[in-house]
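S.K.: Mind looking at a prediction? Sequence and model below.
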Amino acid sequence: TEPDTNITPENMVFVEGGTFQMGSTYSDDYASPVHSVTLSSFYIGKYEVTQAEWQTVMTGNSNGISATPSYFSGNPNYPVEHVSWYDIMVYSNRKSIQEGLSPCYAKAGDTNPDNWGIVPTDFDTDWNAITMKTDANGYRLPTEAEWEYAARGGNQSQGYTYSGSNTVGDVAWYWDNNTPYGTKPVGTKASNELGIYDMSGNV
């Protein structure tokens, strides 16, 4: 549904819709050709989902998903990692239900992940057939186009090489500035033009 611009959810950023040139001629074939995409407005997380947020939502789930899956675990303000697409469908719906929102994802028409069973570890036709309810106001993953538009700075884009800067170390944790090796607390580098963090590096 169209976002209510009068109420910005906690730790979310409002991204005003617009048209942008998606893709690149300077990367792998999957990013080309560059093409025009028009998006409606949406919200996106200001930070990567933290270990603390994941644990709060996923503790007690009936889907066999760890509430503490991260390799760099025990760091509440670090981003969660080592989670699957299946895990994220459950997380999104559980978070939506906990906050009184309508869940976006449905497995065989059912939006309550308590009824979905154990998350598969490999290919599963029922889980792969999960659908998204476009009229729901709950949490979901951004589309590829939404993510790229937000990373580029939306309609505030300055055309930077990385998300918020032409200097990667200003906005991203990556192999050359990551000692000791591992993830770092979310939001400790500079944000991009929209106030979103870590889109070029951390997890």
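M.R.: Received, thanks.

S.K.: Would you mark the buried spots in the helix or strand containing V37?
M.R.: In this assignment (DSSP states H and E), V37 forms part of strand 35-39. Within strand 35-39, the residues that qualify as buried are V37, L39, counting by 16 or more other Cβ atoms under 10 Å. Glycine gets a C-beta too; all of them are placed from N, C-alpha and C.

S.K.: likewise stretch 39-54?
M.R.: Judged by neighbour count using 16+ other Cβ under 10 Å, the buried positions of stretch 39-54 are 39, 42-51, 53-54.

S.K.: Any buried residues in stretch 17-27, and which?
M.R.: Buried, per 16+ other Cβ under 10 Å, within stretch 17-27: F20, M22, G23.

S.K.: how about the strands of the protein, start to end?
M.R.: For the chain, the strands defined by DSSP state E occupy 12-15, 18-22, 35-39, 42-45, 105-106, 131-132.

S.K.: can you list the ones you listed in a markdown table and add distance to N166?
M.R.: Shown next, in a markdown table, are the strands of the chain (distance: least, Cβ to Cβ, whole Å):
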| stretch | distance to N166 |
| --- | --- |
| strand 12-15 | 21 |
| strand 18-22 | 18 |
| strand 35-39 | 23 |
| strand 42-45 | 22 |
| strand 105-106 | 37 |
| strand 131-132 | 35 |
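
S.K.: which one of the ones you listed lies closest to E144?
M.R.: strand 18-22 (8.3 Å; Cβ to Cβ).

S.K.: Neighbouring strands - and their directions - for that closest one?
M.R.: With DSSP bridges as the test, strand 18-22 is paired with strand 35-39 (antiparallel).

S.K.: circling back: and the buried residues of stretch 17-27 as a markdown table, adding pLDDT and distance to M132?
M.R.: Listed next are these as a markdown table, based on pLDDT from 0 to 100; distance: Cβ to Cβ, whole Å:
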| residue | pLDDT | distance to M132 |
| --- | --- | --- |
| F20 | 92 | 22 |
| M22 | 91 | 20 |
| G23 | 86 | 23 |
